[in-house]
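>>> my questions are about this predicted structure, shown below with the sequence.
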Amino acid sequence: MSYHPYDPRMAFDAHRKLTDGDVQDLKPRGWWGDDGKLYRDFTFDTYQAGVDFVVRVAALAEEQGHHPDIRLSYRRVRVNYFTYDAGGVTGLDIAGAHAVDRLAEAGQP
């Protein structure tokens, strides 16, 4: 898991970034994170099921206009939310995590 450090070219906006306590209070069950990142690993029975989930998460991200980093490793998918221009986790990331959980529940990873 790579951490994305602050880069001044990102137009950092500290007012949108949630505090570590906010992230802990608002993140869905099963997600890990703090004020710098929010992620969850999903495990599937087959490689293809993981690929299918990645495609569904990508479609959701396009609908939301907010895109997580997604890593597929055999039967495991890691979804990582981080709002680059805020320098950490924002409300959009929390909403995205909840939406990804709904996709996972529908597909039963």
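Structure received. Bear in mind the structure is a predicted one, so any value in this text is a computation, not a measurement.
>>> L38 reaches D93, doesn't it?
Yes: with contact defined as CB atoms under 8 Å, L38 and D93 form a contacting pair (5.1 Å). Using the backbone N, CA and C atoms, a C-beta is placed for each residue, glycine as well.
>>> residues shared between the contacts of the two?
Shared contacts of L38 and D93, defined by CB atoms under 8 Å, 6 or more residues apart in numbering, are found at 81-82.
>>> where does the spatially most central residue of the chain fall, phi/psi-wise?
In the chain, the residue lying closest to the centroid (CA atoms, centre = their mean) is Y81, at 3.0 Å. Dihedral angles of Y81 (phi, psi; degrees, to the nearest 10) stand at phi -100, psi 140.
>>> next, the residue nearest to it when sequence neighbours are not counted: secondary structure please.
Taking CB to CB, 6 or more residues apart in numbering, and ignoring the residues beside it in sequence, Y81 has D93 as its nearest neighbour in space, at 3.6 Å. With DSSP: H, G, I helix; E, B strand; the rest coil as the basis, D93 sits in helix.
>>> distance of D93 from V51?
23 Å (CB to CB, to the nearest Å).
>>> the more surrounded of the two?
Counted by other CB atoms under 10 Å, D93 and V51 do not tie: D93 has more neighbours, with 27 against 14.
>>> rewinding a little: residue contacts, the residue nearest to the centre of the chain?
So Y81 contacts 33, 37-39, 68-69, 89, 92-93, 96-97 (CB under 8 Å, 6+ apart).
>>> let's see 10 Å
Taking CB atoms under 10 Å, 6 or more residues apart in numbering as the contact definition, Y81 lies against 27, 31, 33, 37-40, 61, 66-69, 89-90, 92-97, 100.
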